[in-house]
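K.L.:
can you look at this prediction? I've put the sequence above it.
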Amino acid sequence: MEPFSNPPTSIENLVSSQGGCAHAGRPPIHRLPPELLQIIIRKACAQDSYKDLFEIRSVSRYWMDIVDSMHELWTRVSLKHNANLLSMILQKSSTQPLLVSYKEGEINDEDKAGFKQRITPSAGRWKSLDYWAYPEAQHERMLGLPLHNLETLIIHIPYSTVNYTGVFDAPRLRDLDVFRLSLNWHSFSDLRSLQIEDCVPSPSVDEVYIILKASPNLEVFKIARIRPTSPTGHLADVDDAHSAPIHLPRLRSLLVVRVPFVPYSRLLNLIEAPNLHRFLVFHHFRSPSQSNDFTPMFESAGRFIGTHRESSDDDDAFRLTVLVFDHTLAVVVGHRRVLLQNEEWTGGRQEEQKAGLSAALRRFDKRLCESIKAIQFAGMRSDEEMMDFAHILNQHFPNVEELLLKLSLWTTDPGGLPTLGRLSSLSNRGRGNWLFPKLIALHLSAPEALICDGILEVVEARRNVGHVQPIQQLTIEGSKIGRDAVVKLETYLQQLRMTGTEIV
C-alpha cells in the first residue's frame, strides 16, 4: 500500500486535509496554531522596541489577540514611553516582572513626575532598574520604593557624586552596578555581580570585605576610583577581625582600578578564586605625592596572574608579556594583568619597575612557570635595559622556547645592538648563566633606524653547545641588517623571515 494513495497537491490542501474545512479560504499563515505563532512572534520582535510588536498586532484581529495574550512581551518600561503606551504596558504585562529604564536625559520635569506616578504602584514587580539621573534629582522617589523582587540595579549619576542616605529595600538584589552614588553598603549580601566606581563616600575596605564574604556566589567584582575617606587622607585597612579567607568559587572577573595599594593588596590576599578568568589591577600615579610602595599590590596581583591552569581556551594563557614603557609597567598572562603608570618614572626609574616585576613573579605558581613557553617583552628603550629584565625572567621560567623582543621608538642606541650578544657571551661564565637555554625561536621588532647585526652573534654562539638549544627560527620586523649577516643567518637557521627590514 502506498503511503499516500491521493497525495495533496498543495500546502492549502494538506492543511485542509488535516484540519478539515473550518479555515477554508484563509491564507495559511493565519491558520497557524497559537503556540507556533507565539514562537514566531518572539523571534521577530526586537528586545528594545515596541515598534515590531505593534506592526504584528496590526495584521489581523487574530494576531492582535495572540500578541495581547503574550504578557511576557509587555515587560519593558522606559521613561521615554508616553502615557498611553505606559498604561498599555502595565495592563498587558499582567503580573510579569518588569524591566524598568529610567534615564532622565532631556525629559522635562512634568513627564518625569507623571512617569513616577504611573509606575510606582508596580514597584513590587520590577526585576531590573537602569537608573540614570542628575545629582540634584529626588533619588528616593525611585530608589526608596519597596523593590522586593528587584534582581538587577544599574545606577549612573553624571557630573558629580551623591551620597544617598535613604532607605534601600531590595532583599533579592543580585547584580549591582553603581557609578557616583554612595549607598548603605552594609545592606548588600548574596550578590552575583558587584561593580562600584567613583563613589563618595567610598566603601571602606572593611565594608567591601563584608560584602564579598556575604556573597559566596559572586561572579563579577569591580571596584574603581576609590578615594580616601579619613581626615588624614588615608583609606582604612582591613579590620584585624576580618582576616578569614574569602572563598569565591564562581568569580570569573576581578577588576581593581585606581585604589589605594596597601589596603587593597591585603584584601586581594584574602580572596580565593580558583575559576578566575579575567583579572586586572590598574593604577596611575600623577604626582610624587601620590606615589607609595606599590610592590605589595604587584605581589598580590602575581598570585592571580600566576595561577596554574591545567587547560585554557585562551591562546595566550601560557604566554607571559612584560611591558616596560617610559612610565608604565605591565605583567600579563592571558586575560590576567597588573598595570601601573607612574609619572615619576619618566626619564628612567628602572629599579622600581624591576622591583614591581620581581614582586609579581614571586607569587607565580611553580607549575605555571614551568608551563610558560613564550615570553614577550616590549617597550624597553635599549638592549641593555631589555637584558636586565631578561635576567629576572630567566630566574623564574626554565622552559622558554620562544622570545619576542620589541624595542620602543625611543631606543637610545640607534647605531646597533651591541649588548644583545649577552644572550651568547654569558657562556664564558659557566653553564648556569645562559639565558633561556631552551630557546629555539627569536622574534625581534625594532625601529627602522636600528642596525640589528648583533643578532648574528646570538645565533652563532648558541650553535653546537651541548646544554643550550640552537636558534632555529628568527623573525625580524623593521630595523636594518647587513647583507653579509643575512647570508650567514640563512645558513644557520631553519627559518628566517624579515618584514620591513632594510638590507644594507
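P.N.:
Cool, got the structure.
K.L.:
which other helices and strands contact the host helix or strand of Phe298?
P.N.:
Assignment of secondary structure by DSSP states H and E places Phe298 within helix 295-305. With contacts taken as 3 or more C-beta pairs under 8 Å, 6 or more residues apart in numbering; DSSP states H and E, helix 295-305 sits against helix 261-270, strand 278-285, strand 328-333, strand 336-342, helix 350-362. In short, each C-beta sits where N, CA and C put it, glycine included.
K.L.:
next, the angle from that helix to helix 261-270.
P.N.:
Our comparison of helix 295-305 with helix 261-270, counting by axes from the mean of the first three to the mean of the last three C-alpha atoms, to 10 degrees, yields an angle of 30 degrees.
K.L.:
if you average pLDDT over helix 295-305, what comes out?
P.N.:
Averaging pLDDT along helix 295-305 gives 92.
K.L.:
so what touches that helix?
P.N.:
254, 261-262, 264-266, 268-269, 273, 276, 279, 281, 283, 331-333, 336-338, 340, 355-357, 359-364 (C-beta atoms under 8 Å, 6 or more residues apart in numbering).
K.L.:
out of the residues you listed, which end up buried?
P.N.:
In terms of neighbour count (16 or more other C-beta atoms under 10 Å), the buried residues within the contacts of helix 295-305 are 254, 261-262, 264-266, 268-269, 273, 276, 279, 281, 283, 331-333, 336-338, 340, 355-357, 359-361, 363-364.
K.L.:
any figure for the gap between Phe221 and Ser187?
P.N.:
Look at Phe221 and Ser187: by C-beta to C-beta, to the nearest Å, they are 17 Å apart.
K.L.:
which residues touch the residue most central in space within the chain?
P.N.:
Nearest to the mean C-alpha position of the chain, counting by C-alpha atoms, centre = their mean, stands Arg278 at 5.8 Å. For Arg278, the contacting residues are 252-255, 335-336, taking C-beta under 8 Å, 6+ apart as the criterion.
K.L.:
at 7 Å instead, please
P.N.:
Neighbouring residues of Arg278 by C-beta atoms under 7 Å, 6 or more residues apart in numbering: 252-253, 335.
K.L.:
cool, Ile41 as well?
P.N.:
With C-beta under 7 Å, 6+ apart, Ile41 has these contacts: 56, 66-67, 70.
K.L.:
state the helix or strand in which it lies.
P.N.:
Under DSSP H and E, the secondary-structure element containing Ile41 is helix 34-44.
K.L.:
give me the distance from that helix to the chain's centre.
P.N.:
Between the mean C-alpha point of helix 34-44 and the mean C-alpha point of its chain there is a distance of 36 Å (C-alpha atoms, centre = their mean, to the nearest Å).
K.L.:
convert the C-alpha atoms of it to CSV, please.
P.N.:
Extracted as CSV, the C-alpha positions of helix 34-44 are listed here (Å, rounded to 0.1, in the frame of the first residue of the first chain):
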residue,chain,number,x,y,z
PRO,A,34,-1.4,29.9,18.6
GLU,A,35,1.6,28.1,20.1
LEU,A,36,3.5,28.2,16.8
LEU,A,37,2.6,31.8,16.1
GLN,A,38,3.8,32.8,19.5
ILE,A,39,7.2,31.3,18.8
ILE,A,40,7.4,33.2,15.5
ILE,A,41,6.4,36.5,17.2
ARG,A,42,9.0,36.1,19.9
LYS,A,43,11.7,35.6,17.3
ALA,A,44,10.5,38.5,15.2
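K.L.:
how about the helices of the stretch 1-150 of the chain, start to end?
P.N.:
Along the stretch 1-150 of the chain, the stretches classed as helices by DSSP state H, counting those that start in this stretch are 11-19, 34-44, 51-57, 61-69, 83-92, 109-119, 140-143.
K.L.:
and the third one, what does it pack onto?
P.N.:
Applying 3 or more C-beta pairs under 7 Å, 6 or more residues apart in numbering; DSSP states H and E, one finds that helix 51-57 contacts helix 34-44, helix 61-69.
K.L.:
give me whichever of those helices is most buried.
P.N.:
The densest packing among the helices and strands packed on helix 51-57, expressed as mean neighbour count by mean count of other C-beta atoms under 10 Å, is seen in helix 61-69 with a mean of 15.
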